[in-house]
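>>> got a predicted structure here, sequence first:
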Amino acid sequence: MINAPSLANCNVLELADNIKDLVAGGVDFFHIDIMDGHYVPNLCFPVNYIRDIKNAYPNATAEVHMMVDNPGDYIERLQQAGADYVCFHCDSTNFVRRNLTQIRAHGMKAGVVINPSQRIDVIEPYINLLDYVILMTVEPGFAGQRFLPGGVERCAELAELRKKHNANFLIEIDGGVDYENAGPCLKAGADILVTGIYVVFKQEDGITNACKRFRKFAEELDLS
Ligand code: DX5
Ligand code: ZN
């Protein structure tokens, strides 16, 4: 399992300390939400934050979840900022193939995001171009929502589709991950879990301990 804390859950005045605490807890994969106020009714993180984070932690993976219209407009600047993984919502552009190809041509891992109201097989036409797929388990745009019913079954359906096509994209679960649904998601085939307020942030024992606690929990899970 890759634990991918969502930095949207940080208090912006404590962002540097929060990231330091995540790294001390063993985190090396950051989930960074970019929202433009159009695709979703909220704003989050400008591109230059990624550059600053990568400058401070060059060995960490910066995974960028774009919740924007016209995602193609950001690809070049994301690469310049040092992004490693870049994804966009499959209904945010008419040019999914072109954008996936461009992300890869810029040396980054490419992915799409499936919303809770979309069919899982929406990705079939470009399944061979995917390095990863985010399955939203909340409606996108706001941190701190509860995991929607059916998320685990949808994860299993995505894993089944991956198998059917002999594809090897990673499956990432985003939204409301907690100690109850994490195990079932991993069992259903998830590789990356985005963690937020139910796992890593706002925990009594602090961010670093919370990360270590979750890692131990995941290692001890029986996934057979
Ligand atoms: C929601 C974002 C998520 C969110 C996850 O639009 O994509 O990454 O920050 O954090 P939690 O699980 O706390 O909602
Ligand atoms: Zn996200």
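Looks like it came in fine. Ligands and ions are numbered 1, 2, ... in the order given.

>>> so how far is ligand 1 from the residue in the chain positioned nearest to ligand 2?
Here the residue of the chain nearest ligand 2 is residue 65; by CB to the ion that distance is 3.8 Å. No exception for glycine: its C-beta is placed from N, CA and C like everyone else's. Per CB to the nearest ligand atom, to the nearest Å, residue 65 is found 5 Å from ligand 1.

>>> that residue: what's it in contact with?
31, 32, 33, 34, 87, 113, 134, 174 (CB atoms under 8 Å, 6 or more residues apart in numbering).

>>> can you check what pLDDT the model gives the residue of the chain found nearest ligand 1?
Closest residue of the chain to ligand 1, CB to the nearest ligand atom: residue 196 (2.0 Å). If you check residue 196, the pLDDT there is 97.

>>> ok, now which ones touch residue 156?
Residue 156 neighbours (CB under 8 Å, 6+ apart): 188, 189.

>>> check residue 122 too.
Counting by CB under 8 Å, 6+ apart, residue 122 touches 90, 114.

>>> give me the element residue 199 is part of.
Using DSSP states H and E, residue 199 is not contained in any helix or strand.

>>> helices of the protein, residue ranges please.
Using DSSP state H, the helices of the chain run over residues 15-24, 47-56, 75-81, 96-105, 151-164, 182-187, 206-220.

>>> could the ones you listed be laid out in TSV, adding mean pLDDT?
Putting the helices of the chain into TSV (pLDDT from 0 to 100) gives the following:
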stretch	mean pLDDT
helix 15-24	98
helix 47-56	97
helix 75-81	98
helix 96-105	98
helix 151-164	98
helix 182-187	98
helix 206-220	97
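
>>> quick one: closest of the ones you listed to residue 121.
helix 151-164 (6.2 Å; CB to CB).
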